[in-house]
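Q: Below: sequence and its predicted model.
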Amino acid sequence: QNTQIFQYFCVQVCLLPDEHNHCIRKIDMDGTITTIAGDPSQDSYFDGVGSTAHFSSPRGITYDSANDRLYVMDAGNCYLRQIDLTTFMVTTLSGDGQCGADHFFSSPYALAYDTNIIYVSDTAKHAILQYDTISSSLTNYTTLTNVTGVTACKSCVDSYTTSRYLVATA
């Protein structure tokens, strides 16, 4: 049995990455499913509004309620991206479009948000990365003990060597 745990965000609606269809979906409380960003027929990269934006295997998401923004880890493209939930404009925040040890991201997975900081788990680097939304800087943390405001699910992380799931704690 192939079971996958994924990140989603729910308050009045649920927002979730549809990794295999390369888009971000909204599920209303009545069960209506809408694509808010990305095009299921396009496995590529492009910033734009709604379906004109393209993703490749979006995985982690997290929500900034103060600014009504959804942050998305576009894992296939190795970009950290932002969706303005008022305009549905998708913009790239960080990444160079290549995955690997010598690049911004190697194997990015989950996201967490806490007061202008986005935390990114990178399973290949065995690290938590910190992106500052004010200074637009990305910092690499090599151990979870250096991360303030974020904890990892110990049952999901094998001795903290594969950092896949994050939870922001206020």
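A: Yep, that arrived. Numbers count the residues shown, from 1 in each chain.
Q: which element is Lys125 on?
A: Lys125 is located outside every helix and strand, with elements delineated by DSSP states H and E.
Q: Over to it: give its phi and psi.
A: The main-chain torsion angles of Lys125 are listed as degrees, to the nearest 10 and equal phi -80, psi -10.
Q: wait, doesn't Tyr45 sit right on Gln98?
A: No - in this structure Tyr45 lies outside contact range of Gln98 using C-beta atoms under 8 Å: 11.3 Å. (Glycine included, C-beta is placed from N, CA and C.)
Q: Those two: who's more crowded?
A: Neighbours were counted for Tyr45 and for Gln98 using other C-beta atoms under 10 Å; Tyr45 has more, 19 against 13.
Q: Got the phi and psi for the more buried one?
A: Note on Tyr45: its backbone torsions stand at phi -130, psi 130 [degrees, to the nearest 10].
Q: List the residues that contact it.
A: Tyr45 is in contact with 54-56, 74, 77, 79, 97, counting by C-beta atoms under 8 Å, 6 or more residues apart in numbering.
Q: Are any of those residues buried, and if so which?
A: Those of these that meet the buried threshold are 54-56, 74, 77, 79, by 16 or more other C-beta atoms under 10 Å.
Q: Looking at those, which two lie furthest apart in space?
A: His54 and Tyr79 (10.8 Å; C-beta to C-beta).
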